[in-house]
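>>> Kindly generate the corresponding structure for this input.
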Amino acid sequence: MKKSLLVLVLLAVVLVPAAWTAKPAAPRDNFRFAVLGDRTNMANQKAFEMVLRDIERLKPDFVVTVGDLIQGYKDSAGTAGDWDSILPCLKVLSCPIYLTPGNHDITTPNVRNLFTLKTGRKPYYSFDFQNSHFIILDNTQSPYADRMDPDQIKWLEKDLKALKNKSGTYVFMHRPFWPFGVGAGRPDKLHDLFKKHQVTAVFTGHWHKYASDVYDGIRYVVMGSSGAELRGGAEENVSLANFYQYLWVTVRDGKFSPALMRAGNTFDIGWVTLKEETFAHNLAGKAVELRGPSFPEGKTPREFQADLKLINLTDKPIKTEVLWETGNNWQAVSPGIEVEIAPGDTLKRSFKFKGPGTLYPLPMMRVDYPFGRDKVYTIGKYAPEVAKIIECPWAKKAPVMDGSIEDSEWWGSARASEFCDYNSQPARTDSTFFYFLHDAENLYVAAVCRDTALEQLRASKTVRDDKIYDDDHIGFFLASGRDTVYQIYVNPLGTVWDQLVDNGKNTKDEKWNGHYQIKCGRNEREWTVEMQIPLKEIGLAKLAKNSQLRMNLRRKQQLGRETALWIFNWDYLTQNYGILKFK
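The predicted structure follows:
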């Protein structure tokens, strides 16, 4: 009995240590990766290469993009050339890079195969690293979540359902749907799916503006720029994360720890919340009103007054300064004043300017607007809203719509000829002229677009409602009331893109098609457009005394990417438009 017991004890002594040393516990996930933001639109290649160098110095295990590496919006040959130009730059990275397609990378189904051919990645796919799972989605052709390809959604559901005991699951897509879904307190089927399968984080891009929040334990991120044009141009603003950036993610013992990175700096992942970004984004439209004078086209006054309303939308007093930059055109009687505004109050001030009778460039206001957690939004390059007026004469005889603008037909017409860019500087396009006549049923419009390089004119779209805004084109905003805007673009081939905008309902109906007569022409120095627009098509069923339209005009010259605007605000706010009065 004792001998048997001794044998069992000795056996246990031999076996127990072997059990502890033969199969040690598997290590938990330990790795680092970087998330790269948009490089385009308006790429700053030096900034992009700086970001790549910074990432390489930190030696991540891999890099994942959120899309828009190339400019795109070209035919297959041009798109392939863009890929051939940028891909060698990525060789600075000594680690794998996983690409998410952006709307500049895959612009149409026709170039989708080029993404795979050039990058070696499918438009959507997934992969594992250690015990973590990564999902790349393609929403390049989906402006809204509910328009994503059903086959891709089924694939996503299947991919998530197959996961077992993963340390983390990370999702990447270009367009940020979450701010308009779960971030706005609205139903969000993608979020519900991510929540169900315990997704760790969702990374997006597209805005070139940074924001991040957590919903139901899921970290959501909109990446700022890694080379694309910064918000408001080149000026950086650390308080709103408006700088060239990337995200650095450390997974240690399975724990996910992200940090927002600027060259030589790191920032807390919650540096700018969605609420703060939304506040800043809407600030100029909600807190500022700057009204200038109304005057007939071509009769710019030599003196005018701008009336400012500045509202304090915060819960703290605002102390700031209203500054004016006038350049050589206008002179400000008071170039700057210090102001203090109590919470909820509105500052009202008038400023007077003197000039030579040339409208552009307009004087520019700048105000630093503090809010929230020591955030500051600079309301810069803000010009007074001026309302130019055109009196549209009655046509004694309707012009013939043949694309040839004859003096005999357009004699006595009203003309718009003074144009600016988006910053109210004189337009740098070649000369542009619009002419207007009307009768009881129609508005007649002629446009003359001078061009010193007509051989480089971009005009390729021939199908109604195709993306002709990628071509040279003219454009109109026409509004017979406050809320309804008719947006019409015409390229040099006479192809039309139009839509109906309802500001009251905050909707855009791209299926709406107006009925017009259009004919374009071209000679050795210009291209022309003649249009007959039935008044009933733009909300004027019958002309009455003092009938008028709110209006803005645009010419896009793709060579040099220059724009000519009649009123510098190219948006849907009808109160900012000029006026077309029917005589």
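>>> Give the helix, strand or coil label for the residue nearest in space to the middle of the chain.
By Cα atoms, centre = their mean, the mean C-alpha position of the chain lies nearest to Trp207, the distance being 5.6 Å. Following DSSP: H, G, I helix; E, B strand; the rest coil, the label given to Trp207 is strand.
>>> Could you measure from it over to Gly67?
Distance from Trp207 to Gly67, counting by Cβ to Cβ, to the nearest Å: 12 Å. Every C-beta, even on glycine, is put in place using the N, C-alpha and C of the backbone.
>>> what's the answer for Glu276, then?
Distance from Glu276 to Gly67, by Cβ to Cβ: 24 Å.
>>> Please say which of these two ends up with more neighbours.
Set Glu276 next to Gly67 and count neighbours by other Cβ atoms under 10 Å: Gly67 wins out with 30 against 21.
>>> Counting neighbours, what do you get for the nearest residue to the more buried one once chain neighbours are set aside?
In space, and not counting its chain neighbours, Gly67 is closest to Gly102: 2.5 Å by Cβ to Cβ, 6 or more residues apart in numbering. Using other Cβ under 10 Å, Gly102 is surrounded by 29 other residues.
>>> Provide the backbone phi and psi angles at Gly102.
For Gly102, the backbone dihedrals are phi -110, psi 170 (criterion: degrees, to the nearest 10).
>>> Provide a list of residues in contact with it.
38, 40, 66-69, 140, 174, 205-206 (Cβ atoms under 8 Å, 6 or more residues apart in numbering).
>>> Looking at the residues you listed, spot the one nearest Glu562.
Thr40 (18.7 Å; Cβ to Cβ).
>>> To what extent is the closest one buried, counted in neighbours?
25.
>>> Which secondary structure state does it sit in?
coil.
>>> OK, contacts around it?
Going by Cβ under 8 Å, 6+ apart, the list of residues near Thr40 reads 68-72, 102, 104, 227-228.
>>> Same check on Gln130?
Contacts of Gln130 by Cβ under 8 Å, 6+ apart are 29-31, 167.
>>> who touches stretch 68-86?
38-41, 43, 99, 102-107, 110-111, 114, 118-119, 174, 205-206, 228, 467, 470.
>>> Restricted to buried residues, select those residues in ChimeraX.
In ChimeraX, a selection of the buried entries from the contacts of stretch 68-86 looks like this (16 or more other Cβ atoms under 10 Å):
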select :38,39,40,41,43,99,102,103,104,105,106,107,111,114,118,119,174,205,206,228,470
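>>> The closest residue in space to Gln487 that isn't next to it in sequence: what secondary structure?
Excluding the flanking residues, the one nearest Gln487 by Cβ to Cβ, 6+ apart is Gln499, at 5.2 Å. Put simply, Gln499 is strand when judged by three-state DSSP.
>>> and if you look at Gly504?
Gly504 ends up coil, using three-state DSSP.
>>> From Leu323, how far off is it?
Counting by Cβ to Cβ, the gap from Gly504 to Leu323 is 35 Å.
>>> neighbour-wise, which of those two wins?
Set Gly504 next to Leu323 and count neighbours by other Cβ under 10 Å: Leu323 wins out with 16 against 9.
>>> Okay, and the beta partners of the more buried one?
Gly336, Arg366 (DSSP bridges).
>>> I figured Arg39 hits Ser226, correct?
Yes: shown here, Arg39 and Ser226 form a contact pair, counting by Cβ atoms under 8 Å, at 6.0 Å.
>>> shared neighbours of these two, anything?
Phe48.
>>> Point out where the stretch 1-150 of the chain drops to low pLDDT.
Within the stretch 1-150 of the chain, the segments meeting pLDDT under 70 span 1-27.
>>> actually the chain, not the one I wrote
For the chain, the ranges with pLDDT under 70 are 1-27, 232-234, 264.
>>> can I see the domain layout of it?
Per automatic domain parsing, the structural domains of the chain span 30-272, 282-383, 389-582.
>>> for Thr358, helix, strand, or coil?
Going by three-state DSSP: Thr358 is coil.
>>> Just give me the neighbour total for it.
With other Cβ under 10 Å as criterion, Thr358 counts 12.
>>> is it true that it touches Gly298?
No: with contacts counted by Cβ under 8 Å, Thr358 stays clear of Gly298, the gap being 11.1 Å.
>>> ok, what's across the strand from Leu290?
Leu308.
>>> ok so, going back, let me have the contacts of Thr40 in JSON lines, extended by secondary structure and distance to Thr429.
Listed next are these as JSON lines, based on DSSP: H, G, I helix; E, B strand; the rest coil; distance: Cβ to Cβ, whole Å:
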{"residue": "Asp68", "secondary structure": "coil", "distance to Thr429": "27"}
{"residue": "Leu69", "secondary structure": "coil", "distance to Thr429": "30"}
{"residue": "Ile70", "secondary structure": "coil", "distance to Thr429": "26"}
{"residue": "Gln71", "secondary structure": "coil", "distance to Thr429": "21"}
{"residue": "Gly72", "secondary structure": "coil", "distance to Thr429": "24"}
{"residue": "Gly102", "secondary structure": "coil", "distance to Thr429": "29"}
{"residue": "His104", "secondary structure": "coil", "distance to Thr429": "24"}
{"residue": "Gly227", "secondary structure": "coil", "distance to Thr429": "27"}
{"residue": "Ala228", "secondary structure": "coil", "distance to Thr429": "24"}
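>>> Of those, which is the nearest to Ser126?
Among the contacts of Thr40, and counting by Cβ to Cβ, the member closest to Ser126 is Gly102, at 18.3 Å.
>>> Report the separation between that closest one and Leu580.
39 Å.
>>> just Gly539 next, same as before
13 Å.
>>> Between these two, which is the more surrounded one?
Shown here are Gly539 and Leu580; by other Cβ under 10 Å, Leu580 has more neighbours (24 against 15).
>>> On the strand side of things, show who the more buried one bridges to.
Beta-bridge partners of Leu580, as defined by DSSP bridges: Ile390, Leu549.
>>> got it, and Thr346?
Beta-bridge partners, per DSSP bridges, of Thr346: Ile311.
>>> which ones are touching it?
Per Cβ under 8 Å, 6+ apart, neighbours of Thr346: 309-312.
>>> Kindly report the same for Tyr98.
By Cβ under 8 Å, 6+ apart, the neighbours of Tyr98 are 62-65, 121, 127, 134, 136, 172.
>>> Can you name every helix or strand that the one helix or strand Pro258 maps to contacts?
Using DSSP states H and E, Pro258 maps to strand 255-262. If contacts are counted by 3 or more Cβ pairs under 8 Å, 6 or more residues apart in numbering; DSSP states H and E, strand 255-262 sits against strand 218-224, strand 245-252, strand 265-267.
>>> Nothing else from me, thank you.
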